[in-house]
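A.B. asks: Below is the structure, and that's it, no one-letter string:
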């Protein structure tokens, strides 16, 4: 018997709620955008497919870019 099998699992959020939070977060960063305080980081995001809202200065990160980033993180 391994130590891992003796560890209790604590779950604070249901899977459905987690999925809803993730979906809404994607809507926010894609629609409202994020404020980036570093121009170098802004340029990096823009070069990978993000867009700048010229009215607010925020960087909008489309869902396709989020998916690419997640896939990249999963493969490392």
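C.D. replies: That came through fine. Predicted, not measured: the structure shown is a model, and the values here were computed from it.
A.B. asks: Look at the residue nearest to the spatial centre of the chain and give its secondary structure.
C.D. replies: Nearest to the mean C-alpha position of the chain, counting by C-alpha atoms, centre = their mean, stands residue 66 at 5.7 Å. What DSSP: H, G, I helix; E, B strand; the rest coil gives for residue 66 is helix.
A.B. asks: give the contact list for it.
C.D. replies: 26, 29, 30 (C-beta atoms under 8 Å, 6 or more residues apart in numbering). All C-beta spots, glycine's among them, are computed from the backbone N, C-alpha and C.
A.B. asks: can you give me the helices in the protein?
C.D. replies: 15-31, 39-47, 63-74 (DSSP state H).
A.B. asks: Would you reformat those as TSV and include mean pLDDT?
C.D. replies: As requested, the helices of the chain are exported to TSV (pLDDT from 0 to 100):
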stretch	mean pLDDT
helix 15-31	94
helix 39-47	97
helix 63-74	88
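A.B. asks: gap between stretch 60-67 and the chain center?
C.D. replies: Centroid separation for stretch 60-67 versus its chain: 8 Å, with C-alpha atoms, centre = their mean, to the nearest Å.
A.B. asks: One more: stretch 38-55?
C.D. replies: On C-alpha atoms, centre = their mean, the centre of stretch 38-55 falls 15 Å from the chain's centre.
A.B. asks: got the contact list for it?
C.D. replies: So stretch 38-55 is in contact with 33, 36, 58, 59, 60, 61, 62, 64, 65, 68, going by C-beta under 8 Å, 6+ apart.
A.B. asks: I am finished for the moment; much appreciated.
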